[in-house]
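1. How does the following fold in three dimensions:
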Amino acid sequence: MKTNLIRKSSILGILCLMGQFAEAQSRGFTDAADFGFSPEASGVDNVAALQKAVDQTGTIIVSKPGVYKVADTTYVGSNTTLEFGNGVILQKVDEKGPFTHVILNKGALTKTYDEHIAIKGLHISVNGVVKRMDDVFGLRGQLAFFYVKDLRIEGFRSLDIEGVQYSVHICTFEDVIIDNAVLKGEKDGIHFGKGKRFTVSNCVFQTQDDALALNAHDYSTGNPEIGWIEDGLVENCYDMAAPEQKTIGYFCRILAGGWKDWEEGMKVQNGDSVVVNGRIYRVDALNAKGGPDKKVYTTKIAPTHEKGMRVLDGIKWVMIQEEAVYTAGVKNVTFRNIYLEKPRMGFSIHFDQSWWSRSYYPGAEVPVQRQLFFDNIRVLHEEVVPVARVNTPVDAFTITNSSLGKAGIQVDARKGVLSDYLTTKININNTMFNAEGEMILLDNQVPGKVVHLKTRNNTELSDNFSAKVIEGTGVVKIDSDLTGLKN
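-> Below you'll find the predicted structure:
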């Protein structure tokens with residue numbers, strides 16, 4: 001008798017789900033409330049309900065205003081639009097332990113591309129529930145995508161970003177649009193790993209760490225794969241100040257790296273990468289507290305495992321990707337209409353060189369970041385902070401139609417990384433210089449570094465303005481219309 005009741009209950013449940021699916025098909029969307037997604041439900045029940053709704057694919061809506069508890073990750077697949085109405089907040093809760101992602105694409109677990117995904121109107125309250133990584137080594141976003149094509153994120157809000165986790169994290173992608181986001185808190189706002197063709201537009205950032213990270217290379221725990229970030233547009237964005245926040249990070253971090261084929265006897269440390277049989281492996285040498293162990297290891301046995309981690313010679317090797325690339329960097333990216341209110345460096349084009357991350361392995365192929373374009377960059381603060389810093393090889397970049405603050409461009413080098421940082425061409429055109437008195441437009445701190453500086457059609461707002469170049473032991477070739485630098 002009991003068995004028959006269970007069978008009847010199961011059949012009724014299946015019929016109910018079939019009815020809900022048929023109704024959704026007829027009206028053109030799925031309402032998550034039909035599956036039990038509710039402001040009154042627990043975080044565990046809400047995740048189960050939202051997952052059932054999302055599994056229908058198509059358009060899923062959450063329309064009733066309220067705070068919806070979520071206690072785990074919801075996995076979104078291809079051909080899915082998830083749309084949240086005004087006043088809907090997904091709040092992380094610790095009902096069964098901390099977790100990382102509120103939303104993650106299904107293909108991230110198998111490195112299989114998901115396509116045609118849209119997330120609209122999502123508001124995440126982190127609520128102090130953070131965990132560095134869960135499903136994918138190196139993937140940290142509250143909203144995260146790994147192996148994704150044709151992704152659109154619109155109207156995203158996250159106002160309490162917590163440490164160790166980024167707000168949005170996207171890696172190994174093609175064709176991503178992020179529009180109309182407001183992101184505030186401690187850690188990165190939007191963090192990209194390798195990929196191509198992206199737009200970030202109409203966003204407001206108030207983050208302690210980087211507002212935007214284009215980290216082609218990264219910490220071993222900072223991105224699941226490494227490679228080039230290319231063909232992008234960042235426009236109409238604001239880097240807002242907050243009195244309670246430390247002035248660290250940048251509006252945009254632009255990070256490069258290079259590594260080699262594995263060789264017996266190589267000296268490696270935390271975060272180093274090697275190529276073996278067409279795969280890239282990284283050293284994970286973190287201590288019990290989650291920091292780098294600050295040890296140098298000699299590798300005698302090559303890592304060859306096809307997935308996961310393996311310990312060889314006391315070194316924990318993580319297989320991160322099946323793509324034998326040897327350099328990473330950023331190229332062909334335009335920044336337009338950027339407003340820098342927070343008194344910190346706007347753009348840092350650089351290498352890491354620490355126990356956390358050594359971007360460039362000695363003797364590797366040199367990565368050259370290429371053709372970065374800065375249009376209508378507005379420095380709104382009064383601090384003497386460079387608008388841009390360069391400490392990797394860069395072929396050329398242009399600043400145009402902008403308004404610079406009291407400091408210009410700093411060119412420096414990580415000690416002991418490269419002997420030759422190559423030539424960089426810098427063009428500054430149609431820009432307003434509003435500093436009073438002398439302004440250091442270019443400070444070249446790299447021995448032997450050659451910089452070609454050309455300025456045209458610029459405006460000096462102060463009668464006593466004078467631009468200065470510090471050449472150091474490098475070479476700066478100047479062709480300028482500015483007072484103090486005119487030929």
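2. so residue 50 sits in a helix?
-> Yes: judged by DSSP: H, G, I helix; E, B strand; the rest coil, residue 50 forms part of a helix.
3. what is the most centrally placed residue in the chain paired to in the beta sheet?
-> Nearest to the mean C-alpha position of the chain, counting by C-alpha atoms, centre = their mean, stands residue 191 at 1.3 Å. Using DSSP bridges, the beta-bridge partners of residue 191 come out as residue 169, residue 213.
4. now swap in the one 4 residues further on and tell me
-> Each beta-bridge partner of residue 195 is listed here: residue 173, residue 229, as defined by DSSP bridges.
5. Please look at it and residue 176 and confirm they touch.
-> Yes: between residue 195 and residue 176 there is a contact at 6.9 Å, judged by C-beta atoms under 8 Å. Yep, even glycine has a C-beta here, placed from its N, CA and C like the rest.
6. for this structure, what spans make up the helices?
-> Assigned by DSSP state H, the chain shows helices spanning 2-27, 43-54.
7. how about residue 225, what does it touch?
-> Contacts for residue 225 (C-beta atoms under 8 Å, 6 or more residues apart in numbering) come out as 138, 146, 171-172, 193-194, 280, 320-321, 323.
8. typo on my end, residue 135
-> Residue 135 makes contact with 73, 100-101, 104, 108-109, according to C-beta under 8 Å, 6+ apart.
9. cutoff 6 Å now
-> Contact analysis of residue 135 by C-beta atoms under 6 Å, 6 or more residues apart in numbering lists residue 109.
10. One more: the one 10 residues further on?
-> Listed by C-beta under 6 Å, 6+ apart, the contact partners of residue 145 are 105, 151, 170.
11. closest to residue 77 among these?
-> Distances from residue 77 to the contacts of residue 145, taken as C-beta to C-beta, are shortest for residue 105 (7.0 Å).
12. picking up where we left off before, put together a markdown table for the contacts of residue 145, with neighbour count and pLDDT on each row.
-> What follows is those, written out as a markdown table (neighbours: other C-beta atoms under 10 Å; pLDDT from 0 to 100):
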| residue | neighbour count | pLDDT |
| --- | --- | --- |
| 105 | 24 | 98 |
| 151 | 23 | 98 |
| 170 | 26 | 98 |
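13. Nearest to residue 85 among those residues?
-> Using C-beta to C-beta, residue 151 comes nearest to residue 85 of these, at 21.0 Å.
14. show me where pLDDT drops low in the chain?
-> Residues of the chain that meet the criterion pLDDT under 70 lie in 1-27, 487.
15. and stretch 58-72, how far apart are its ends?
-> Start-to-end span of stretch 58-72 (C-alpha to C-alpha, to the nearest Å) is 22 Å.
16. Enumerate the positions of it that are buried.
-> Neighbour-count burial for stretch 58-72 flags 59-62, 68-72 (criterion: 16 or more other C-beta atoms under 10 Å).
17. Can you flag which of those belong to strands?
-> With DSSP state E as the criterion, strands contain 59-62, 68-70 from among these.
18. Go through those and name the one nearest residue 445.
-> residue 70 (48.3 Å).
19. Can you verify my assumption that the closest one contacts residue 88?
-> No: at 11.7 Å, residue 70 does not count as touching residue 88 under the criterion of C-beta atoms under 6 Å.
20. out of everything not next to it in sequence, what's closest to residue 95?
-> Among residues not flanking residue 95 along the chain, residue 71 sits closest, at 4.0 Å (C-beta to C-beta, 6 or more residues apart in numbering).
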